[in-house]
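# quick one: sequence plus predicted model below, questions after.
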Amino acid sequence: MAKWVGRAGSTGRYCGLSLWIFRACTCSRISRSRICGLAFLISVVSFAATIWVFLGGFHATETRQEHVYSQELRLATGRPTQPRVNTASSHRNTSRPFVEKYRHNYSNNATEFFRHLKGVIEQGRGRKPSAKKKREFSVELRRELGDAGNIGVFSLTKNNAQVGTTMRFSIVGANRSISQTLWNYLPEDANFKSGQFQSCSVVGSSGILRGSGCGKEIDRSQYVVRFNIAPVKGFETDVGSKTNFTTLNPSYVKYWLNGFKKQSDRSQFGAILKQFKGSKLWLPAFGNSRFFRVMQLTAAAAFDSKMVQPLIGHPEHHHSVINLWHKMAMKRALPTTGMYFILSLFDVCDQINVFGFWPYEKAINGSEVPYHYHNPSFGKTVHDFDTEFKTLVNLYEQGIIKMHLGSCLEIS
């Protein structure tokens, strides 16, 4: 036992104390109870003092790190900020109630979940979201995201970032400064503000949209958001034709546009952008440092095309939503761009209508569902589509958003 105590101890003096306790507790039966009682009391006091010293040092280290973080955020946003407090303590009374309130509790059994989902769809037909519940969720969400998640810093602008400003990548990578070239592509001011639109359509690219006839319903919203420059030409009946905002992932540029290695690649990109003329194009340039260069080239090509306005996502805003999603999903999986935008738009849109979000290979009726409505491919991903979808269904069931999960021709 003495050998085990010695290995478990962290310093020599604590090993000695433990050994003394062991010997004391093996004394004669007459004195054993008193000596052991005293020894136990000494060990408890010593252990408590050790923990207090350790936590004090840990807190001091965290405080220094947060001070550095605060200075970086101040430089990045161009205005003073309060230091970000320790996540573990700051969310003890905020994130936990929010997460428990809005995290889904649906069954992991597909048959049971589909049975429940059928009922949700039937009950939701013709029902409008609750404005009161949506406002309540928006207020709580805004509080959870904090200053870094404010919609005013959704993207980089000439007002919240300067040439030479050091940015931290939201996912992975060393710090990178904003170059003069990149800064020239930034808009003057924020693109979104609170309560800007009465209604927004957020359109995913799932094959569930095929044959849905949702085009008119999608275009009816004041603002339409799409993802990864998913085509609309030729699919107007099901996905609509209106686009105010779209995104582009670096993988698309790498595999479909050859990383802009040739002038012909830029020409092809310009031709694709014609169907999105006048819209915003969001680029995660400060997401993963591996793709920074290709995203910078994309911003240049988009800017030169004069078809769209490139927007560079603000890494602090992106990171704040990622952190909240990790708590809601209880996993380290990244939120999809779609989930990120839905959580970001609650402060901007009075009503959010969600289309084309379906993560499964089969529909409720058993028919096969392609990965995308515009091609039959199936993809591999680091995202947790099942958790995201169930989270959205939960928000739909609570009357916070409107989800279109079937044919829009059946909407009354």
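Looks like it arrived, so ask away. All figures in this text were calculated on a predicted structure; none of them were measured in a lab.

# please enumerate the helices of the stretch 301-412 of the chain.
315-329, 337-345, 385-397 (DSSP state H, counting those that start in this stretch).

# contacts for the first one?
With contacts defined as Cβ atoms under 8 Å, 6 or more residues apart in numbering, helix 315-329 is touched by 73, 76-77, 87, 91, 95, 99, 102-103, 144-146, 148-150, 153-155, 167-171, 284, 286-287, 332, 334-335, 339-340, 343-344, 384, 387-388, 391. Every residue, glycine included, has its C-beta placed from N, CA and C.

# list the buried residues in stretch 194-214.
Neighbour-count burial for stretch 194-214 flags 196-197, 200-210, 212, 214 (criterion: 16 or more other Cβ atoms under 10 Å).

# check stretch 242-252 too.
By 16+ other Cβ under 10 Å, the buried positions in stretch 242-252 come out as K242, T243, N244, F245, T246, T247, L248, N249, P250, Y252.

# how far off centre is that stretch?
Relative to the mean C-alpha coordinate of its chain, stretch 242-252 is positioned 17 Å out (Cα atoms, centre = their mean, to the nearest Å).

# what does the average pLDDT come to for it?
Throughout stretch 242-252, pLDDT has a mean value of 95.

# between its first and last residues, what's the separation in it?
End-to-end distance of stretch 242-252: 22 Å, with Cα to Cα, to the nearest Å as the criterion.

# which among the buried residues of stretch 194-214 gets closest to Y185?
Q196 (22.5 Å; Cβ to Cβ).

# contacting residues for the closest one?
Taking Cβ under 8 Å, 6+ apart as the test, what Q196 contacts is Y223, V348, C349.

# cool, and A301?
Residues in contact with A301 (Cβ under 8 Å, 6+ apart) are F260, R266, F269, G270.

# quick one: which of the residues you listed is the most crowded by neighbours?
F269 (24 neighbours; other Cβ atoms under 10 Å).

# now it, what's its secondary structure?
helix (DSSP: H, G, I helix; E, B strand; the rest coil).

# so what does S130 have for phi and psi?
Note on S130: its backbone torsions stand at phi -90, psi 120 [degrees, to the nearest 10].

# need the pLDDT of it.
pLDDT for S130: 93.

# excluding its backbone neighbours, what's nearest N258?
Leaving out its chain neighbours, the residue that sits closest to N258 by Cβ to Cβ, 6 or more residues apart in numbering is D265, at 4.7 Å.

# burial count for the closest residue to V172 other than its chain neighbours?
Using Cβ to Cβ, 6+ apart and skipping the chain neighbours, the partner closest in space to V172 is N288 (5.5 Å). Here the number of neighbours of N288 (other Cβ under 10 Å) works out to 15.

# wait, isn't N288 in contact with R176?
No: counting by Cβ atoms under 8 Å, N288 stays clear of R176, with 11.2 Å between them.

# shared neighbours of these two, which are they?
With Cβ under 8 Å, 6+ apart as the test, N288 and R176 both reach F169.

# one step back: from the contacts of helix 315-329, list just the buried residues.
73, 76-77, 91, 95, 99, 102, 144-146, 148-150, 153-155, 167-171, 284, 286-287, 334-335, 339-340, 343-344, 384, 387-388, 391.

# so which of those sit within strands?
Among the buried ones among the contacts of helix 315-329, the ones falling in strands (DSSP state E) are M167.
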